[in-house]
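**Student:** show me the folded form of this:
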Amino acid sequence: SAFAVRAFDDRVRRGRGAIDREMSPTVVDAGDAVEERFFLARVPVPPGFRLHIEEQLPHRLGGDTRFALDRSVSRAEVTVSAPLPRTPRGVYRLGPADIWYEDILGLTRVFVASRASASLRSLPRLRPIVFDRKPRSSSKAEGPLSVLSRIATEEHFRTRQYVPGDDLRRVHWKQSINTGNLMVRVPEAIPYAPTRVRLVLDTFLPPGWRMAATAGGRRLKAGERAIARAPEVMDDVLDLLVEGWVGLAHMLLKRGEKVTLVAPVREGDDVVVREIECKRGEERKWRAIGADAAWQHAIDTDSLMTRIDPNNAKASSIIVSAGLFAGNSRPAPGTSFVIADGASVVFDAPSDDLGFLRRFFISDYPVGADDNRLDLVKLFSPRPPKPEKVRAELARATSFAIEHARSSNAPVTVVRRRGLAIALETP
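**Tutor:** Numbering: from 1, shown residues only. Take a look at the predicted model:
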């Protein structure tokens, strides 16, 4: 065993042996297939031993990384791969993986090194936006989610491509047939002025929603700070928020509006406000901010609105929130709210009919595996809240946020998933 460790260190130090890792592809849409690959170049494996590569993947990816290799990796370059179980939205930094030797009888185990890191960025999907009913506005001007009906006139006009909400009486049928696209007349006397819309993503997690960093037996990596975090079921709520956020941006951009995305994101140990103007053809660029979005404790809604670029002050604001913190100040005129129905995406954990008997009579792994050992750290660590409790609190927060918006005379809609689409419904 000592010889195996020394041979590994000497060969790696001389550059003759290497272990590299990658995700293929490294940037994907949420839910797409991703393959994890390890590249091994002449890594020494002594006779009668196997080389093991192992790492516990982040909870959202599901499962773990496990490879067992024989002596063939000592004589050539070998690539081993396996698909990831899941690829939900987010940014994941994997590694370093644990590398160790074990003899074929399982009597000797020698830890060698921690090497091979990789990263994966899973972008939120662009889902179609479906309105429960056509949004109405009590004002004489168009709002960010409402379009006023226009009456046809006999003035000189230009044409543009039809977008949902245009008056069908303005359709230019001859030009539509010639071009193959539905075209509408736009009067020259009333020049088209796109609305400036600011979409603000609220990711603030109030103190009452936080739990310990080690809750549920989670182990901290080397150099990681023990920062309170959101319950794991809240990640699905944030996915709904982000999908509604980027879906609204895509819909408004297709309608011809000028859209700006605003969101607090983590940069190291700090939280900064990132603001980006959406442009057609650059969807992956501004969807990348949606992948970076995570629950944070530093910037609440009131602070977020004060940090927005003052040069963009005339834009209408749409705050996309889960309603966890309504704020202490009255929203500015022209502000709308989109509240996520978080309770609709929180499901109960699979039931275990055997309960505690499973621990004593049934093993999740093969007999003799170290994974079957009783994890005392997980046993005595703080327990995360149950899904049914989180669901009840989310329903209460959604109701309070809707009433808060109504009391401020601000338009409010509720965002929910409806099949593959995102539905905006009137509460």
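
**Student:** so residue 121 touches residue 26, yeah?
**Tutor:** Yes. At 6.6 Å, residue 121 and residue 26 qualify as touching, with contact defined as C-beta atoms under 8 Å. C-beta here means a position set from N, CA and C on the backbone, and glycine is covered the same way.

**Student:** quick one: average confidence on stretch 391-400?
**Tutor:** Per-residue pLDDT values over stretch 391-400 give a mean of 92.

**Student:** alpha carbons only: can I get it in CSV?
**Tutor:** Extracted as CSV, the C-alpha positions of stretch 391-400 are listed here (Å, rounded to 0.1, in the frame of the first residue of the first chain):
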residue,chain,number,x,y,z
ARG,A,391,-46.1,24.1,1.8
ALA,A,392,-48.5,25.5,4.5
GLU,A,393,-46.1,28.5,5.2
LEU,A,394,-45.7,29.2,1.5
ALA,A,395,-49.5,29.3,1.0
ARG,A,396,-49.8,31.7,3.9
ALA,A,397,-47.0,33.9,2.4
THR,A,398,-48.6,33.9,-1.0
SER,A,399,-51.9,35.1,0.4
PHE,A,400,-50.3,37.8,2.5
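
**Student:** please state the offset of that stretch from the chain centre?
**Tutor:** From the chain centre to the centre of stretch 391-400 is a distance of 21 Å (C-alpha atoms, centre = their mean, to the nearest Å).

**Student:** which parts of it are buried?
**Tutor:** Along stretch 391-400, these residues count as buried under the neighbour rule (16 or more other C-beta atoms under 10 Å): 391, 393-395, 397-398.

**Student:** before we move on, what about stretch 68-75?
**Tutor:** Buried positions in stretch 68-75, judged by neighbour count with 16+ other C-beta under 10 Å: 69, 73-74.

**Student:** now do it: everything it contacts.
**Tutor:** Taking contacts as C-beta atoms under 8 Å, 6 or more residues apart in numbering, the residues outside stretch 68-75 that touch it are 40, 42-47, 49-53, 78, 80.

**Student:** from the buried residues of stretch 391-400, which is closest to residue 132?
**Tutor:** If you rank the buried residues of stretch 391-400 by distance to residue 132 using C-beta to C-beta, residue 398 comes first, at 15.7 Å.

**Student:** continuing past the strand or helix carrying the closest one, what's the next helix or strand?
**Tutor:** When elements are assigned from DSSP states H and E, residue 398 belongs to helix 387-407. Elements were assigned by DSSP H and E; along the chain past helix 387-407, the next helix or strand is strand 412-418.

**Student:** show the contacting residues for residue 331.
**Tutor:** For residue 331, counting by C-beta under 8 Å, 6+ apart, the contacting residues are 317, 319, 337, 405, 408, 410.

**Student:** mind redoing it with 7 Å?
**Tutor:** Contacts were defined as C-beta atoms under 7 Å, 6 or more residues apart in numbering; by that measure residue 331 touches 408, 410.

**Student:** helix/strand/coil for it?
**Tutor:** The three-state label for residue 331, taken from DSSP: H, G, I helix; E, B strand; the rest coil, comes out as coil.

**Student:** distance-wise, check it relative to residue 202.
**Tutor:** Remark: distance between residue 331 and residue 202 (C-beta to C-beta, to the nearest Å) = 12 Å.

**Student:** what do you get for residue 22?
**Tutor:** Using C-beta to C-beta, one obtains 35 Å as the distance from residue 22 to residue 202.

**Student:** of those two, who's got more company?
**Tutor:** Shown here are residue 22 and residue 202; by other C-beta atoms under 10 Å, residue 202 has more neighbours (28 against 18).

**Student:** tell me where the model's unsure across the protein.
**Tutor:** By pLDDT under 70, the low-scoring segments of the chain are 1-17, 133-157, 187-193, 212-228, 309-314, 350-380.

**Student:** what sits against the residue most central in space within it?
**Tutor:** In the chain, the residue lying closest to the centroid (C-alpha atoms, centre = their mean) is residue 89, at 3.2 Å. When contacts are counted by C-beta under 7 Å, 6+ apart, residue 89 is found next to 30, 122, 124, 239, 242, 290-291.

**Student:** what's the neighbour count on residue 39?
**Tutor:** Residue 39 sits with 15 neighbouring residues when counted by other C-beta under 10 Å.

**Student:** now name the helix or strand holding it.
**Tutor:** Mapping residue 39 onto the secondary structure by DSSP H and E places it in strand 35-41.

**Student:** in that strand, what's buried?
**Tutor:** Applying a neighbour-count criterion of 16+ other C-beta under 10 Å, the buried positions in strand 35-41 are 36, 38, 40-41.

**Student:** cool, stretch 273-289 as well?
**Tutor:** Counting neighbours by 16+ other C-beta under 10 Å, one finds that the buried residues in stretch 273-289 are 273, 276, 278, 283, 286-289.

**Student:** farthest-separated two in those?
**Tutor:** Between all members of the buried residues of stretch 273-289, the longest pairwise span (C-beta to C-beta) is found for 273 and 283 and amounts to 21.3 Å.
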